[in-house]
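# sequence below, structure please.
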Amino acid sequence: MRLRPFSLLLALCLVLTAPLACARRADHCWVCDREIHPQVRAALTLGDGKKVSACCPRCALHYLEEPSHAVRDIRVTDYASEVSLPLERAFLVEGSDETPCIQHPPITDETRTPTHICYDRCMPSLIAFKDASAARAFMDDHGGTLRSPGAPPAAAGEPAAAPEASPATR
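Residues are numbered from 1 along each chain as shown. The predicted model follows:
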């Protein structure tokens, strides 16, 4: 069987591009290198204008903790619609049972009892919403504490502002 030049070119292209398709990986956080889930993506515009992605609003805020890290803007993703909005206009649900960044199996001790995680940079979870009603509906199912726009969680070591109580504690 004799291959025509076009068929040969097509076969060659398929052979050469197949490894590239297999090597493609999901977007990863510029700050911590975790996989980015579209519903909780955060975008940072750095001081030099470079735009980078973070896995979640919490990770983006952790980046700000270092005094040498200049950030012009942080945008977060509305969990309900995946629309981007400025961090200062987002309703944030902190500490819900929804933890998209944490995908590892529970760590157990020798008796197979799950151990408590003392620190994870993306915990407690921080999920953004553009509407308070969507945030409250989410809290009805997943718990957490609602923070109003302009009142993001304090950086590590700073006292936290008094958040709005979750529906379960009102």
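
# check which element follows the longest strand anywhere in the chain along the chain.
If you go by DSSP state E, the chain has its longest strand at strand 71-77. As assigned by DSSP states H and E, the chain's next helix or strand after strand 71-77 is strand 84-86.

# pull up the pairing partners for that following strand, direction included.
strand 71-77 (antiparallel) (DSSP bridges).

# contacts for the strand it pairs with next, please.
Contacting residues not belonging to strand 71-77 are listed as 38-47, 49, 57, 60-61, 63-64, 83-87, 90, 92, 128 [Cβ atoms under 8 Å, 6 or more residues apart in numbering]. Placement of C-beta: from N, CA and C, glycine included.

# show me what contacts the nearest residue to H37 once chain neighbours are set aside?
Nearest residue to H37, sequence neighbours excluded (Cβ to Cβ, 6 or more residues apart in numbering): P100, at 4.3 Å. Neighbouring residues of P100 by Cβ under 8 Å, 6+ apart: 37, 39-40, 55-56, 125.

# which residues of the protein score low on pLDDT?
1-26, 102-108, 112-122, 152, 154-170 (pLDDT under 70).
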